[in-house]
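Colleague: Give me a 3D structure for the following:
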Amino acid sequence: MKKIESGNVSIVTFITKGDIGGAQIHVKDITAALQALGNTVLVVVGEDAEFTTMLAELGIPYRVMNHLVREINPAKDVKAYKEIRQLLQEVQPDLVTLHSSKAGILGRLAVYFEKTPSTFTVHGWAFTDGVSAKKQLIYKTIEKIGAWFPTHLIAVSNYDRKIGIDQHVCKPTKIKAVQNGMPDIDPTLIADASSEPPKLIMVARFAQQKDHKTLIEALAELKDLQWELNLIGGDGGLLSAAKEAIADYGLEEKIHILGYRNDIDKLMADSQIFVLSSHWEGFPLTIIEAMRAAMPVIASDVGGVSEAVIHNETGYVTHSKEEMVSALRSLITDADKRAAMGKQARANYEQYFTLETQLENTFSLYNELLQKS
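Modeller: Numbers count the residues shown, from 1 in each chain. Below is the predicted model of the structure:
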């Protein structure tokens, strides 16, 4: 019998973008675990970029499918669909896992005709709060059509599962919430949240989804306090706007843009407060990274953030710039509070958000689908 733990399963995973984000790290961790058990894995990605470099370094097989693009492009979408069908016929996997909207739609259509068991993981709905009304309508319609196919859905947060049900995208029996988890770190990478003066860190691409502007404006009101901020992430189109805002508020000496980095764990170990200012999210892995490093978290109340950050216990969940200013002031000026919240954050990570917990819940669903097939 096919079972993940037996190491006799062939799995093909599709994801659209090749940059490094939460969905890509999610795919990397699960695929590496599947392969370590002896299963045969193949990751198909729409572009050759940082993610494929990461896969190569880990010895995870992958293929690049250049017609698989994020934007709606009928000509490329038809070609991508045909390529997906051709690959599935060639590999004949036991299970297909799909990530990101475009791969999710084209993949669900393809596996339907190939009659292959499959899952589609929702890393935040494309029609969530913060997205324009026009795009919300388009993406909601697409997802409702996609839900007609037998592919089982996995939401990375209870928040997204509820949205899918409330918006009549899918039935409750067709979507399961499996909160993100992450592998643990070496004890030497645990942060000292009480260290002075505090270093703040935000890990996020400079893109429309993130809200660097509000964070910069909030910190401008705390200019006279002792702190520094490191902004980590590649340019998603708004890097120049962030640099202008930093210059406008005269914060060049306090806010540092470090760009894309592959040593996030070390940067967090040298920080005292994690911040995520954002317009929308699924279930941010960066928050879990901060929690496992024993750091308090200040984050916008979007997506599944409040499932990870317990307000007034492991950090603060904010709804406005004013609340962010208050939260920042509270932690910047109180080392004992930082330490206490960071300690509780680490305890919550160990109890709820380890990679082992995520894998156990995910593989349970995979095995259920394999048995049904």
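Colleague: Leaving out sequence neighbours, find the closest residue to residue 325.
Modeller: residue 218 (4.6 Å; C-beta to C-beta, 6 or more residues apart in numbering). In this view, the C-beta of every residue, glycine as well, is placed from N, C-alpha and C.
Colleague: ok, now residue 215?
Modeller: residue 277 (4.0 Å).
Colleague: residues contacting that neighbour?
Modeller: When contacts are counted by C-beta atoms under 8 Å, 6 or more residues apart in numbering, residue 277 is found next to 202, 204, 210, 211, 212, 214, 215, 218, 299, 300, 324.
Colleague: any idea where the helices of the chain begin and end?
Modeller: 22-36, 50-58, 74-91, 101-114, 133-146, 158-166, 212-220, 239-248, 264-269, 285-292, 305-308, 321-332, 335-352, 355-372 (DSSP state H).
Colleague: got the buried residues for the third one?
Modeller: Under the neighbour-count criterion of 16 or more other C-beta atoms under 10 Å, helix 74-91 has 76, 77, 80, 81, 83, 84, 85, 87, 88, 91 buried.
Colleague: again, but for stretch 197-207
Modeller: For stretch 197-207, by 16+ other C-beta under 10 Å, it's 198, 199, 200, 201, 202, 203, 204, 205, 206, 207.
Colleague: Quick check on the first one: phi, psi?
Modeller: Geometry field for residue 198 lists phi and psi as phi -70, psi 140, criterion degrees, to the nearest 10.
Colleague: That one and residue 68: what is the separation?
Modeller: Noted for residue 198: a distance of 43 Å to residue 68, by C-beta to C-beta, to the nearest Å.
Colleague: What of the fifth one?
Modeller: For residue 202, the distance to residue 68 equals 30 Å [C-beta to C-beta].
Colleague: swap in the third one?
Modeller: From residue 200 over to residue 68 the distance is 37 Å, taken as C-beta to C-beta.
Colleague: Tell me how far residue 16 lies from residue 110.
Modeller: Taken as C-beta to C-beta, the span from residue 16 to residue 110 is 14 Å.
Colleague: now do residue 360
Modeller: Taking C-beta to C-beta, one finds residue 360 at 29 Å from residue 110.
Colleague: With neighbour numbers in mind, choose between these two.
Modeller: For residue 360 versus residue 110, the count of surrounding residues by other C-beta atoms under 10 Å is larger for residue 110: 25 against 12.
Colleague: and the helix or strand of the chain with the lowest mean pLDDT with helix 158-166, angle?
Modeller: Here the helix or strand of the chain ranked lowest by mean pLDDT, DSSP states H and E is helix 133-146, holding a mean of 81. Put simply, helix 133-146 runs at 80 degrees to helix 158-166, going by axes from the mean of the first three to the mean of the last three C-alpha atoms, to 10 degrees.
Colleague: so what's residue 33 closest to, chain neighbours aside?
Modeller: For residue 33, ignoring the flanking residues on the chain, the nearest one in space by C-beta to C-beta, 6+ apart is residue 359 at 5.4 Å.
Colleague: Let me see the contact set for the one you found.
Modeller: With C-beta under 8 Å, 6+ apart, residue 359 has these contacts: 30, 33, 181.
Colleague: Same question for residue 147.
Modeller: 153, 169, 170, 174.
Colleague: try 6 Å this time
Modeller: By C-beta atoms under 6 Å, 6 or more residues apart in numbering, the contact set of residue 147 is 169, 170.
Colleague: ditto for residue 242
Modeller: 206, 212.
Colleague: Relative to residue 248, how far out is it?
Modeller: 11 Å.
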